[in-house]
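Novice: Prediction below, plus the sequence it came from.
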Amino acid sequence: MKHRTHSAIGKPSRYVHAVAVCVALCTAWPLPKSMAADSVNLEGTWRIAVARSSFSADGEAIPFTAMGRKRYEENKLNLGKSNYDAYDMANARCASPGLARLMLTPARFRIWQRPGVIEFQFEWNRLTREIILSDLIPQTRIGGIGPKDEELVGRAVPLAKGYWQGDTLVVSAEGFDDTTLVDNLVPHGNQLKVAERIRLKDRNTLEDRIRIEDAEYFTRPWETVVTYRRQADEAFAEDVCLDRLAPGTPTL
Amino acid sequence: MGIETVEAAAEAKKRATSHAFVAMSCICLMYAGGALAQSGPGGVSPQSADGPPSGPAGSTAEQGAVPGPGGPRPNGAEPRESVAPPLAADAPGPSADPHILDGVWLHDSLLVFQNSTDMFGKKTPFNAAGLKIAKRRVMSYKVGTPYINASSRCLPPGQPWQMDLNFPFHIFQSKDRFDVLFQEYHGYWEISMNAAKAPPAGYMGRSIGHWDGNTLVVETTGFKQDFWLDVNGTPVSKGAKLEERIRKVHTDHWYLEDVFTLDDPTYYTRPWSWVRDYSWRPDMAVTAEYNCELQTGEKDGLDSSLVPEPQD
Amino acid sequence: MFVMQRAHKCGWVICLILLLPVEMPAWAHHSFVGYDRTKTLAADQATLKEFLWGAPHSAAVFMIQNPDGTQTQIRLTSASPPQFSKEGFKPTDFKAGDKMDITWYPAKSGKSGGMLASLKLPDGRTFKDTEFFPAAVDNDKQAGAEVPK
């Protein structure tokens, strides 16, 4: 694209008042703290309230299918031997823990709300996840280029769609690969669907109710709740998981 | 394209007063804001062996768009053709405030494989040590055994490599810092506007920023290891100082102009500068996963065509 | 373990290379110069261990049976999902444990592995890479790079 140039009209000082008015009214792209498109402000830095590696199914046993139970027990055996290579790519290779397990991170994460997209910035290994609230399409499909074939390929963290229901952000994601675990032990396949209801319980408490569904591994969908406490706003140090990688040593 | 922000902005405008003065002021602000964004910064100019050049006659300066520090782009680099599909005409623009860089940006010019000249067209000022490494790396391609580098291992590659890649990145701006998140290598670059709150240095160094007029000046030091400036391996030592002068520019599109100046006596005879543009791309907010460690985190997970670089 | 992963990096950048006469970087961390296009190695009934459709680039890991009964693991850089899709393949067609006849261009480094040239699935279908080699892309741009003086 060619760079055409503008000639300035008048001097900036003549429009000081206009600047004040127009920044407030006319700016198409919101200032960083603006939540024009969203009804609730989830922005901030968060950390899980009670550190843990496993989900519980609302206090009940996880409803495994026979295959799910078999894989789960195999994973437990391997965990006992710190044999992460056999079942846990996040701990074995620093691979992405995947969408649900990321919400169990013991490190902090930050939420950024921008028009049409809510971005989670995780301290652990600089990972992110996005929730799309608009009809923005993946950048790989901009201009009609970027074939849908890629969408046949599963991901550890698939694109998630969301919408506001009152004060609750309703999120759904599917299109997983099978390289991750639901938490530190629970297996899943590429039919996994994760749904979430995210809201502020109070100004300093974030709640994520997570629904797990995978007919291959669970006899029925099951739910779990995780809460997070607001943290001070501080820069994250650069975390490079590969620098911490050692056989038999967990990275999470 | 039904981008929600356009609708939200349209609704906001409908609710606003239709006072003629405000309407006219808004229109004028677009041009004034553009002029403000384009105004040249003060401070140190990027480095050329001949010192800072002046704008030549008939340059873009005479047409009202003030060129970046150091004058217009050399070697016919302007106009800079975009290699990305175009942004829709009705896409929302960024804030007209030159101090707000928040948003999604994309290096949409051809990737510079090898920075063989500076932004003034002068040869990259290698010293003997730098030339030796640069030559060796280029030769490694010619003989078909390219070297392992940070990017192939999925470590943070440093700048400008991280921003040079033709994939979008988000700038999230808050009071004391910029959190810049990249799709590639799930990269993260933090610019602290308050040095007292800056985190420790990492592979991307430690970046401290301050405003010089409408230009964000970022000074980065403390790199964790030597790194590659570009794909062909122009070297940077971990003791280098990298300065970036970033400003938001509006011509026929919005972009960030970033003038880099590298001060690295280990490999170069003097500081030298290059420039990049990153176009405003709010349509590219949805980024792709980069789960590279699934491969590179495995023993023997690196591509077999790569070999370790000699460490001498 | 059957692994599927999104081929991120081969998004619109690669597709622009393939569809438009625009010079674009293929992969920013290295090029294809490290594979010997004059040679093709082959292994019959290699066992697919993993097919990773993702970053840094899609790759397939195979276990090859040696005559002495041992096994060798090799990692082959592979084409991206769009290329497979053009020939009628889906990522779910590649299952860990499947035995495939494979050919590949070896790495000039002498290390085992290289760039996947073709593979034949258990059901008889064959994928043959026709995009990268012969390359529509000037992937030797780095090999032709100017040596600094």
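Specialist: Noted; the coordinates are in hand.
Novice: Would you mind listing the residues in contact with the one residue sitting closest to the centre of chain A?
Specialist: In chain A, the residue lying closest to the centroid (Cα atoms, centre = their mean) is A:R129, at 3.5 Å. Residues near A:R129 by Cβ atoms under 8 Å, 6 or more residues apart in numbering or on different chains: A:L99, A:L102, A:E119, A:F120, A:F122, A:V157, A:A160. For glycine as for every other residue, the C-beta is placed from the backbone atoms N, C-alpha and C.
Novice: Show the contacting residues for the fifth one.
Specialist: Right, the one you point to is A:F122. Contacts for A:F122 were tallied using Cβ under 8 Å, 6+ apart; they are A:L102, A:T105, A:A107, A:R108, A:F109, A:T128, A:R129.
Novice: next one: the fourth one
Specialist: Contacts for A:F120 were tallied using Cβ under 8 Å, 6+ apart; they are A:L102, A:F109, A:R110, A:I111, A:W112, A:T128, A:R129, A:E130, A:I131.
Novice: ditto for the last one
Specialist: Shown in contact with A:A160 (Cβ under 8 Å, 6+ apart): A:L99, A:R129, A:E130, A:I131, A:I132, A:V171, A:S172, A:A173, A:V194, A:E196.
Novice: try the second one
Specialist: Residues near A:L102 by Cβ under 8 Å, 6+ apart: A:S96, A:F109, A:F120, A:F122, A:W124, A:L127, A:R129, A:V157.
Novice: So is stretch B:155-170 next to chain C?
Specialist: Yes: Stretch B:155-170 comes into contact with chain C (Cβ under 8 Å from any Cβ of the partner chain), by way of B:W161, B:D164, B:L165, B:N166, B:F167.
Novice: Could you check how far the first one is from B:T296?
Specialist: When Cβ to Cβ, to the nearest Å is applied, the distance between B:W161 and B:T296 equals 16 Å.
Novice: quick one: is the helix or strand C:L116 falls within near chain B?
Specialist: Here C:L116, judged by DSSP states H and E, is contained in strand C:114-120. Yes: against chain B, strand C:114-120 shows contacts by Cβ under 8 Å from any Cβ at C:G114, C:M115.
Novice: Can you report how many residues neighbour residue 84?
Specialist: I'll assume chain A. 22 (other Cβ atoms under 10 Å in any protein chain shown).
Novice: switch to chain C, that's the one I care about
Specialist: 25.
Novice: what's the answer for B:Q311, then?
Specialist: B:Q311: 5 surrounding residues under other Cβ under 10 Å.
Novice: Can you pick out the residue with more neighbours from B:W161 and B:T296?
Specialist: Between B:W161 and B:T296, B:W161 has the larger neighbour count (other Cβ under 10 Å), namely 25 against 20.
Novice: Determine which two of the contacts of A:L102 are furthest apart.
Specialist: The largest separation in the contacts of A:L102, counting by Cβ to Cβ, is between A:S96 and A:F109 at 13.7 Å.
Novice: Excluding chain neighbours, what is closest to A:R230?
Specialist: Spatial nearest neighbour of A:R230, chain neighbours left out: A:N204 (4.1 Å); criterion: Cβ to Cβ, 6 or more residues apart in numbering or on different chains.
Novice: Model confidence at the one you found, what's the number?
Specialist: pLDDT for A:N204: 98.
Novice: My read is that it contacts A:Q231, right?
Specialist: No: counting by Cβ atoms under 8 Å, A:N204 stays clear of A:Q231, with 9.3 Å between them.
Novice: secondary structure element for A:R69?
Specialist: Per DSSP H and E: helix A:66-80 holds A:R69.
Novice: Quick one: classify A:D243 as helix, strand or coil.
Specialist: When classified by DSSP: H, G, I helix; E, B strand; the rest coil, A:D243 comes out as helix.
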